[in-house]
Each structure stands twice: as C-alpha cells, then as structure tokens.
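[1] Quick one, what's the 3D model for this:
(2 chains)
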There are 2 protein chains.
Amino acid sequence: MQILKSYRETRAAKYPEPVHIVLVKAPDGKINPMSAAWVMFTSIEPTMLAVSVGFERHTYELLKQQGEFVISIPSELMAVEVEFFGSNSGRDIDKLKQLGSRTQPASIIDGVLLSASSANYECRVTGSLKTGDHMIFAGEVVASHIHEKKLKRLYLVGPGEFCGINSQSE
Amino acid sequence: MQILKSYRETRAAKYPEPVHIVLVKAPDGKINPMSAAWVMFTSIEPTMLAVSVGFERHTYELLKQQGEFVISIPSELMAVEVEFFGSNSGRDIDKLKQLGSRTQPASIIDGVLLSASSANYECRVTGSLKTGDHMIFAGEVVASHIHEKKLKRLYLVGPGEFCGINSQSE
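    Okay, here's the model as predicted:
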C-alpha cells in the first residue's frame, strides 16, 4: 500500500544508489573530477551515457565549453575520493592533486582516467537538455576501460555514507 | 590500472544496477508497465526524473502522446514483475492484468501506482532528448508515494538475475 508523502520523505527509497565521478578538462589543462549520482546509460548502439549536472557547478561551466568527458565508476576503495570530489569545487582547488589520485591518460579524448576505479568511459558530448536546476549532457562512449582486477563498485547508502556491493553473478 | 576493452567486456562493472518500472496510460485506457534500468533523478528544485526509452518500445509510442508517467521503484519481492514487464510488449498483452499486479490510482496524474513497490513517483513530461537509439524523457515529479513498510528495493545483479539490497543507514 502506497502512502502519499513529500518527495523528501520518500527519498530514502532510492538507496543504495550507485555513484560516479565525472572528469572534465579545464581550459588551463587542469582536470576537474566531480562526484555524481545522476548518471545513466542511454543508448545501446552507439553506447551512450547521460549525466545530470547542476547549473552552479564548475563542471557545468567546463562541459558547456568542452565536448568531452570521462565517466568513472569508483571502486569500493574510493569513498574518500567520492566524498571529497563531491563536496569541494575545482574553482578553488586542484582536487586530483590534493588527494594524490592516480590517473592515466585517456586513449581517445583529451582527458584522464582514474586508475583505481572499477571502470572508466570516455565520452563525446552529442546533446544536452535543460531539466529544472540541472542540465543533462549526453555523450557517446568512444572508449571503455576496466580495472585489471574485478573490483566492487561504490554505492551511497545514505547521506555521506558509502559501501561496496558485490555483484552476485558476474 | 585500467585496461582498454570493448564496452561489452566492461559492462559487468555496472552491477548491481537499480531497476525501475515506467507506467504509461494508453489511449484505450490500459496501463502499460515497462522495466527500465536507465532512470535518474535530474533536478532538485523542482524534483525531476529522467528515463531513457528505446525507439522500438511500446512505451516510447505512448510517451510521445501522453504527457504523464509513473516511475515505480520495485521492491525486492517484485523480480517476477520486473522480468515479465521487461520481456513482454504491451502491444500484445495487458501486462498488469496478466500478472494480477496490485495497483492503486495515482493522486494527481491520470495513471496508477504499483502497490507493492518501495516507492512511486508521478511525473509530467517537460522535455525530451534524442540519444542514439533511445529517447530521454524528463518529467517533473508532481506526487511522491512510499510503501507503508520500509521495503528493500530491487537490483539487477546480472542478465536476468535480481536481488534486494538493504540500505544500511536509512
């Protein structure tokens, strides 16, 4: 039986929620990582991803100019990164440098991958859609990378709390 | 260390993947439920959701005409529904009637909620974006509902395999 509530009172139903890190290169060459829960695949052929980015975010400013980004799927070991990349702005600091996160060059786009992530997808923007206080950027996946070890991905299980969850079948 | 692979070889990294059921009313009054993994929130104020729907889907035809839909978050007890709603077309059968799924009227839009789900969100379409072989439909959440009991939501853990996962903090 369903009970009518405010959205706020229902939102615990979404957890555990998969988390992602969006990486975009700034005009000065600095790579800016931002944690994002609002990411989904959106096409099979070609493979595409979509990410929803708040208008006030530094990443939004960068994505408006830059036609390329990386969607990284953080592993369960990366809760500190996800928390830090989600609560600090690249306008103020160099987030990757500050945490000393290991990166490696992207293979096709002008950007970097996070070496400790479960997977990384290089994307080229194909379109965008304004939705309330966020912009959806859609991108074609032009290269896919996976960690050499099979790593659990990271989930948000509540505000500021994370855990890794094992896939049972693969 | 990241290894370059085909997308297909990397896609196990996305599991466990939350699943959803999109419900849209057809012109003949029948409600059509479709399982969808590709759903995300996309705005805080107003609260908005986005769903990516393949062009060949009956739900795509309905959403083009209908400005309203429900995003239902199935509970862990609903693996049979999710499998059935995802592998049959409403062009051929009345999926809700065939499974005898319990529904209740939506409170604002012209549609129904799934009574056994963890939560249900009534949405009004505000825009759409073509992405490869799918269309993203964005909708404002105009009413939110949660199950009277706190139910685990359902996740896809691999092709055709499901499990319920408990949120640890809420």
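
[2] Which stretches in chain A count as strands?
    A:2-5, A:17-18, A:20-25, A:31-36, A:39-43, A:48-54, A:68-73, A:103-105, A:112-114, A:119-131, A:134-147, A:153-158, A:161-165 (DSSP state E).

[3] Tell me which strands the second one pairs with, and in which orientation.
    So the one you mean is strand A:17-18. strand A:153-158 (antiparallel) (DSSP bridges).

[4] roughly how far is the partner strand from the heart of the chain?
    Between the centre of strand A:153-158 and the centre of its chain there are 13 Å (C-alpha atoms, centre = their mean, to the nearest Å).

[5] quick one on the thing from earlier: where among the strands of chain A is average confidence lowest?
    By mean pLDDT, the lowest-scoring of these turns out to be strand A:161-165, with a mean of 85.

[6] Partner strands of it, with direction?
    As defined by DSSP bridges, the strand partners of strand A:161-165 come to strand A:153-158 (antiparallel).

[7] ok, now how distant is A:A119 from B:E45?
    32 Å (C-beta to C-beta, to the nearest Å). For every residue, glycine as well, the C-beta is placed using N, CA and C.

[8] Out of the strands of chain A, which gets nearest to B:Y15?
    strand A:153-158 (7.9 Å; C-beta to C-beta).

[9] one step back: so which of the strands of chain A gets nearest B:M34?
    Going by C-beta to C-beta, the one of these nearest B:M34 is strand A:39-43, 15.2 Å.

[10] So which elements touch that closest one?
    For strand A:39-43, the elements it packs on are strand A:48-54, strand B:39-43, strand B:48-54, strand B:134-147, judged by 3 or more C-beta pairs under 8 Å, 6 or more residues apart in numbering or on different chains; DSSP states H and E.

[11] could the ones you listed go into TSV alongside distance to A:E148?
    Below are the helices and strands packed on strand A:39-43 laid out as TSV (distance: least, C-beta to C-beta, whole Å):
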stretch	distance to A:E148
strand A:48-54	22
strand B:39-43	29
strand B:48-54	30
strand B:134-147	31
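
[12] Neighbour count: A:A119 and B:E45, which is higher?
    Comparing A:A119 with B:E45 by other C-beta atoms under 10 Å in any protein chain shown, the one with more neighbours is A:A119, at 27 against 8.

[13] pretty sure that one contacts B:Y15?
    No: with contact defined as C-beta atoms under 8 Å, A:A119 does not count as touching B:Y15 (11.1 Å).

[14] which residues touch the residue lying closest to A:K130 once chain neighbours are set aside?
    In space, and not counting its chain neighbours, A:K130 is closest to B:G127: 7.1 Å by C-beta to C-beta, 6 or more residues apart in numbering or on different chains. Each residue near B:G127 by C-beta atoms under 8 Å, 6 or more residues apart in numbering or on different chains is listed here: A:129-131, B:137-138.

[15] what's the spacing between A:V24 and A:F84?
    Distance from A:V24 to A:F84, by C-beta to C-beta: 17 Å.

[16] If you count surrounding residues, which of those two has more?
    Just comparing A:V24 and A:F84: by other C-beta under 10 Å the higher neighbour count belongs to A:V24, 25 against 17.

[17] so what's the more buried one up against?
    Counting by C-beta under 8 Å, 6+ apart, A:V24 touches A:31-32, A:34, A:59, A:62-63, A:66, A:68-70, A:111.

[18] Go through these and say which is closest to chain B.
    Nearest to chain B among the contacts of A:V24: A:V70, at 10.4 Å, using C-beta to the nearest C-beta.

[19] so what's the closest one up against?
    If you count contacts by C-beta under 8 Å, 6+ apart, then A:V70 has A:22-24, A:106, A:109, A:111-114, A:120-123 around it.

[20] Quick check: bridge partners of A:V112?
    A:P105.

[21] what do you get for A:T131?
    The partner residues for A:T131, given DSSP bridges, come to A:H134.

[22] In JSON lines: the helices and strands packed on strand A:39-43, plus distance to A:H147 and mean neighbour count.
    Formatted as JSON lines, these follow (distance: least, C-beta to C-beta, whole Å; neighbours: other C-beta atoms under 10 Å in any protein chain shown):
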{"stretch": "strand A:48-54", "distance to A:H147": "18", "mean neighbour count": "24"}
{"stretch": "strand B:39-43", "distance to A:H147": "24", "mean neighbour count": "24"}
{"stretch": "strand B:48-54", "distance to A:H147": "26", "mean neighbour count": "24"}
{"stretch": "strand B:134-147", "distance to A:H147": "27", "mean neighbour count": "23"}
